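>>> With the input below, show me the fold.
(chains A and B)
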Protein chains: 2
Amino acid sequence: MARMFYPKFNLVREMNSKLKVGDKATLSKTFTESEVEQFAKISLDDNPIHLDREYAESTVFVQPIVHGILVASLLSGLMGGKFPGHGTVYLGQTLRFMSPVYVDEEVEATVEVVKIRKDKPIITLKTQCVKSDGTIALEGEAVVKVN
Amino acid sequence: MARMFYPKFNLVREMNSKLKVGDKATLSKTFTESEVEQFAKISLDDNPIHLDREYAESTVFVQPIVHGILVASLLSGLMGGKFPGHGTVYLGQTLRFMSPVYVDEEVEATVEVVKIRKDKPIITLKTQCVKSDGTIALEGEAVVKVN
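Numbering: from 1, shown residues only, chains lettered A, B, ... in the order given. Take a look at the predicted model:
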């Protein structure tokens, strides 16, 4: 593979001039029963709390809940698909799962730039998923490399 | 929903007597192109680095890579499906993405109990996904509530 040569200084300047602290983006999604079933197969996570209505009724959640890591994947969708967008490379993510997201319940992911490194094209974003009633489902921080 | 009453002390004792620091479990999986495509649709992450061979060739990765959060979902699969098993509730996860996992490349997830709280049925696990060549794909820590 041929590699283009860019002087490092210019590359970093170009990245910093496009992104600034406080820039943010959102993405909403409702995970359906069929999507939760598909994800359970792909991830091998067949915890009945996500799939079995009868089992869910016997727990504190009462209804089936979306896998926490599937809710978190909306952050990946937002960052990789929309902002910063294609070419974004995930370096790290912290996640605190605060409230369950139920199947068929809308959730909105938000990412906001909180830090931009001056030496490398690496940024830190505050990440959050909020339910339609305003409850925080999960929050944390992402570190990504931007193109 | 009727709730069973358990004296708190007994509940915690029972949990602690089953799990101990150093307990671990593993789960292997090869993510296929079709699974990566399904996950891209569910998570809305259509970053071409995961889906487009031609685009991937123009990047440092050369070949399409599995979404980092999809690799991480194997940890959720392992903890929710096998160990600690059904009923496990995710409270937190940290993730450091170290190396890309390619589509059709096997990865093995390992979780190991590193801390057991005495006051609550909450444990901390060291979490890791390792590629078949021994390279660490991702690592971090999970905090879960166990039943």
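
>>> Please count neighbours and contacts with C-alpha atoms only from this point.
Will do.

>>> low pLDDT regions in chain A?
Scanning chain A for pLDDT under 70 picks out A:1-17.

>>> And the helices in it, which stretches?
Ranges of helices in chain A, per DSSP state H, are A:8-18, A:33-43, A:53-57, A:68-81.

>>> nearest to chain B, of those?
helix A:68-81 (3.5 Å; CA to the nearest CA).

>>> Which strands or helices does that closest one pack on?
Applying 3 or more CA pairs under 8 Å, 6 or more residues apart in numbering or on different chains; DSSP states H and E, one finds that helix A:68-81 contacts strand A:24-30, strand A:89-97, strand A:106-116, strand A:122-131, helix B:33-43, helix B:68-81.

>>> Adjacent strands (with direction) for the shortest one?
Each strand that pairs with strand A:24-30, with its direction, by DSSP bridges: strand A:106-116 (antiparallel).

>>> still on that earlier bit, mind putting the helices of chain A in JSON lines, mean neighbour count and distance to B:Val89 included?
Converted to JSON lines, the helices of chain A look like this (neighbours: other CA atoms under 10 Å in any protein chain shown; distance: least, CA to CA, whole Å):
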{"stretch": "helix A:8-18", "mean neighbour count": "13", "distance to B:Val89": "39"}
{"stretch": "helix A:33-43", "mean neighbour count": "19", "distance to B:Val89": "15"}
{"stretch": "helix A:53-57", "mean neighbour count": "15", "distance to B:Val89": "12"}
{"stretch": "helix A:68-81", "mean neighbour count": "26", "distance to B:Val89": "9"}
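
>>> now these as TSV including distance to A:Thr110?
Converted to TSV, the helices of chain A look like this (distance: least, CA to CA, whole Å):
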stretch	distance to A:Thr110
helix A:8-18	19
helix A:33-43	21
helix A:53-57	28
helix A:68-81	7
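
>>> so which of the ones you listed comes closest to B:Ile65?
helix A:68-81 (12.7 Å; CA to CA).

>>> quick one: the closest one to strand B:89-97, angle?
If you take axes from the mean of the first three to the mean of the last three CA atoms, to 10 degrees, helix A:68-81 sits at 40 degrees to strand B:89-97.

>>> Residues in contact with helix A:68-81: which ones?
By CA atoms under 8 Å, 6 or more residues apart in numbering or on different chains, the residues outside helix A:68-81 that reach it are A:25-27, A:29, A:39, A:85-89, A:95, A:97, A:100-101, A:109-111, A:127-129, A:138, B:40, B:43-47, B:69-70, B:72-73, B:76, B:90.

>>> how deep is A:Ser99 tucked in, by neighbour count?
17 (other CA atoms under 10 Å in any protein chain shown).

>>> any idea how far stretch A:112-129 is from the chain center?
14 Å (CA atoms, centre = their mean, to the nearest Å).
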